[in-house]
Every structure is written in C-alpha cells, then in structure tokens.
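**Student:** generate coordinates for the sequence data below:
(one chain, ligands or ions: 1)
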Amino acid sequence: MIGTILPTRTTKPPSPAPPAKPLRDYLSYSAITTYQNCPLRYYFRYVAGLPEKMVSSSLVFGSAVHRAVEHHFNELMAGNEAPTLDAMIGEYDRHWSEADPQTVQFGKDDDVESLGTLATKMFTAFQTSPLAKPVGRIIGVEEELRGSVVAGCPDLLGRIDLIEETTDELVVTDLKTSRSRWSRDQADDSAGQLLLYHELVRNFAPRKRVRLQFAVLTKTKEPAVDLHEVLVDARRIERTKRIVERVWQAIDKQAFYPSPSPMQCPGCSFREQCRAWTG
Ligand code: SF4
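**Tutor:** Residues are numbered from 1 along each chain as shown. Next up is the predicted model:
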C-alpha cells in the first residue's frame, strides 16, 4: 500500500478528511467488505493510505497458494503440461521470499516450515481434483476487470482467479483458502463477490450463460478441494448492488468510525492510530 509515514504516539492522529486527490478512483470487493467490517480501518487503509505494519501469516500463505495455483492455470492456458508439485512449491516459496519477514505475524501454531508442509499437502490434493483439469478453454487467469457496475459509484475493479469458456458457458471461479470446509451458507454469504464479478464478465460473451463458483482449498489435516456454485439470480444481483451503493454513500459522506470486534481488531495494523482517534 502506498502511504504516508506511520504516525508515532506523539503524532496527531489523522483526521478523517479525504486527501485532495483520492488514492483510488475505483472500488474493490475487498474495500467494500473492509468498510462493512470497520469503517475506520477502511479510512486508515484506503483514504489515509497508512502502511500496514504487519500482515498475518494466513494472508501471506493464502497469497502464496494463489500464486502457485495461478502458475498451474497459466501453464495450461499457454498449452503446456500442468506444472509438477515441485514447480508449484517453487512458486509458493518465491512468494514467501518476497514477503518482509519483519512484518509477518504468525499464529501460535504456525511457522514457515509447518505452513510449507501444509501447502505441499494442499497442492497434492489440488492436482488430483477436478479443479486442476478444467473442461473448458482457459481464457483468463488472475484477470483484472474494471467497469461501471453500480450507477453513481466509482468503477468496480475485480481480479478474477479463473475464467473458462465452454461451448455455452463462461465459468468464473474464485479461489479461497479456508481453515475448514465451507457450508452452503458460507458460500451464500460470500456470493456478493461473484455476483459483482458476473456484472463485469457478462458482456464478454453475451450469448453465453455465466456460471459462478467458489473453489475452496481447505487448510485441514487432509486438505479438500470443494466447488460451490453460486446461482445467478437477478434479485440477488440487485440486492448486492444496493449494498455497494449504500457503502459508497457512507464513504462519500466520510462516515468513518471504529467498529471494534474480537475478529477484526487483533489482526489490525492500525490499533495505535485507532486508540488515538477522537473523531
Ligand atoms: S483496531 Fe479494530 S476498531 Fe480499530 S480500526 Fe482496527 S479493526 Fe477497526
């Protein structure tokens, strides 16, 4: 994150007034959910542009797994053989080597070695799963799409993990890593992301149906790879757009305030600034 110098305890906390020029002229699903979870955290990250002074090991791990899986699909898209397990691990390791070790915060049961062992098991499960052998033609991997999805809001920017094309469908897949297998409710609760991606993708091939799915790789002892389809439903798409609209209206009005929670605060980089914040 591009940002200003991190204030010290004696520095006046940043005022929640946006800079003359916003850091971004678009919204992402991640920014929307950051605001929903804690508006002040959104402010520190996306408006004040403060650097993250720590990052959880699970975030680095998830990104490293994504990178290895991305490598797999890129090779297939290029018409090459699927990469070996060693090649996937190599991509995973490369991502870790690029992370700043001073900023990575490990959980009490995690270290680089244990996470590497877990990643190897996850890649083994992935390589033998149907996800690794798409039936359609791969037309996009980590594809960045941007467009106007909700009137009156900035463009939406989406990074789509995988887009496949079959004779009658475009299949949009978002990859997740998870501590446990997802329930149907978890897939439904996360559906907004894919429904917004549907709006970005649908004009690619107007005559084709767009199918949406989450691919969930579990970080369990015996990793699983599950696919959860999200039904394209016009009413749910409209509902999701209204949520984005309301979130944006609140951001635009600078409605920034702390929303403490035991889920969010322990991993938040801005605890110090949050405590110093007086509105
Ligand atoms: S410490 Fe908690 S309440 Fe404060 S900004 Fe971070 S997530 Fe929000």
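**Student:** for V232, what is the enclosing helix or strand?
**Tutor:** Following DSSP states H and E, there is no helix or strand that holds V232.
**Student:** does it touch Q213 like I think?
**Tutor:** No: using CB atoms under 8 Å, V232 is not in contact with Q213; the gap is 11.0 Å. Quick note: C-beta positions are derived from backbone N, CA and C, even for glycine.
**Student:** find the nearest non-adjacent residue to V65, please.
**Tutor:** T177 (5.3 Å; CB to CB, 6 or more residues apart in numbering).
**Student:** report the contact partners of that neighbour.
**Tutor:** By CB atoms under 8 Å, 6 or more residues apart in numbering, T177 lies in contact with S58, F61, G62, V65, H66, M122, V216, L217, T218, K219.
**Student:** before we move on, what SS does the third one have?
**Tutor:** Right, G62. helix (DSSP: H, G, I helix; E, B strand; the rest coil).
**Student:** for it, give me its contacts.
**Tutor:** T177.
**Student:** hmm, 10 Å instead?
**Tutor:** Counting by CB atoms under 10 Å, 6 or more residues apart in numbering, G62 touches S56, L175, K176, T177, S178, L217, K219.
**Student:** ranking by neighbours, what's the top pick from those residues?
**Tutor:** L217 (24 neighbours; other CB atoms under 10 Å).
**Student:** next, that one: phi, psi?
**Tutor:** Note on L217: its backbone torsions stand at phi -100, psi 120 [degrees, to the nearest 10].
**Student:** same deal with K133?
**Tutor:** According to degrees, to the nearest 10, K133 has phi -120, psi 70.
**Student:** so where does the closest residue to it other than its chain neighbours fall, helix or strand?
**Tutor:** Nearest non-adjacent residue to K133, counting by CB to CB, 6+ apart: A82, 7.9 Å away. Counting by DSSP H and E, no helix or strand carries A82.
**Student:** per-residue pLDDT of A82, please?
**Tutor:** Listed pLDDT for A82 reads 97.
**Student:** what about it, neighbour count?
**Tutor:** 14.
**Student:** tell me the spacing between it and E165.
**Tutor:** 19 Å (CB to CB, to the nearest Å).
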